[in-house]
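Undergrad: Quick one: sequence plus predicted model below, questions after.
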Amino acid sequence: MACNRKAWWVEFVNICKQLIESSEISPDQIKGIGISGIGICVLPIDNRGKPLRPAILYGIDTRATKEIAELEEKLGREEIFRLGATHLSSSASGPKILWLKNNEPDVFEKARWFLNSHSYIVYRLTHKATVDIYTACGYAPLMDVENRTWSAAAADCIVPIQKLPELAWSSDVVGNVTAEAADITGLKEGTPVIAGCIDAAAEALLKYIWFVIL
């Protein structure tokens, strides 16, 4: 199952314009931007930021079954669990990236970055390829969760590390709104943008905040 990646940016732009218009808040008053998006998925983009194919979604897309078996054979189930504190499943992004390598080699070779939904929006806003550490854990087995870094050993089996986005905490400022993005969205150029997180993490945070307020 794939997702039309164009909808993400188009809808984000529409939301920005609607909120600015309906809230009567000036873009100058917006102190920072945080993005959340649909959980673990894979979107390859080229060196100009152009998506190379529709995004491959999370656990509902089971195309990488053979790649899971391949990685378990090469790395071992115990080592995979040691790296990511989880066994591989259809939700993991690592096998999906390997599937692209095995089945769509032209896309794989042209890809400059392998992003997910919210990191793609962050990229469109800032031209910075980043991913928050929480979401990066979904790139299993590529993420070494104990050391909070990409695993060179796992990357050797899947994808060059330089094609993976820079790691950051969700609240870290990873860039600023570019002049191009400001012109398209109505946001102010230079507005700080944080790394953000996937939808489930954002929902958990909102529920916690709501619980504290009540």
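TA: Thanks, I have it. Numbering: from 1, shown residues only.
Undergrad: Now for the protein, the helix or strand with the poorest mean pLDDT.
TA: Within the chain, no helix or strand scores below strand 2-3, which has a mean of 56 by mean pLDDT, DSSP states H and E.
Undergrad: Next, the contact list for Ser93, please.
TA: By Cβ atoms under 8 Å, 6 or more residues apart in numbering, the contact set of Ser93 is 40-42, 114, 116, 138-140, 142. (C-beta placed from N, C-alpha, C; glycine too.)
Undergrad: Among those residues, which one sits closest to Ala64?
TA: Val42 (9.5 Å; Cβ to Cβ).
Undergrad: quick one: contacts for the closest one?
TA: So Val42 contacts 55-56, 93, 96-97, 100, 114-116 (Cβ under 8 Å, 6+ apart).
Undergrad: Tell me which of those residues fall in strands.
TA: 55-56, 114-115 (DSSP state E).
Undergrad: right, and the helix or strand after the lengthiest helix in the chain?
TA: Determined from DSSP state H, the single longest helix within the chain is helix 5-23. Per DSSP states H and E, the first helix or strand lying C-terminal to helix 5-23 is strand 36-37.
Undergrad: quick one: low-confidence ranges for the chain?
TA: Counting by pLDDT under 70, the chain shows low-confidence ranges at 1-6, 208, 210-214.
Undergrad: quick one, strands of this structure?
TA: 2-3, 36-37, 43-45, 55-56, 113-115, 130-132, 143-144, 149-150, 166-168, 173-176, 192-194, 197-198.
Undergrad: As a markdown table, those strands with mean neighbour count and distance to Ala182 would be great.
TA: Output for the strands of the chain, formatted as a markdown table (neighbours: other Cβ atoms under 10 Å; distance: least, Cβ to Cβ, whole Å):
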| stretch | mean neighbour count | distance to Ala182 |
| --- | --- | --- |
| strand 2-3 | 16 | 26 |
| strand 36-37 | 20 | 20 |
| strand 43-45 | 23 | 21 |
| strand 55-56 | 22 | 25 |
| strand 113-115 | 24 | 21 |
| strand 130-132 | 27 | 19 |
| strand 143-144 | 23 | 33 |
| strand 149-150 | 16 | 31 |
| strand 166-168 | 18 | 22 |
| strand 173-176 | 19 | 10 |
| strand 192-194 | 20 | 11 |
| strand 197-198 | 26 | 23 |
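Undergrad: Same list, these, but as CSV with distance to Ile15 please.
TA: As requested, the strands of the chain are exported to CSV (distance: least, Cβ to Cβ, whole Å):
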stretch, distance to Ile15
strand 2-3, 17
strand 36-37, 12
strand 43-45, 19
strand 55-56, 19
strand 113-115, 19
strand 130-132, 20
strand 143-144, 30
strand 149-150, 32
strand 166-168, 23
strand 173-176, 19
strand 192-194, 15
strand 197-198, 17
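Undergrad: Nearest to Asn14 among those would be which one?
TA: Checked against Cβ to Cβ, the stretch from those lying closest is strand 36-37, at 15.0 Å.
Undergrad: residues in contact with that closest one?
TA: By Cβ under 8 Å, 6+ apart, strand 36-37 touches 8, 116-121, 196-199, 201-202.
Undergrad: And for stretch 192-210?
TA: With Cβ under 8 Å, 6+ apart as the test, stretch 192-210 has contacts from 31-40, 116-119, 121-122, 125-126, 130-132, 134-135, 138, 168-177.
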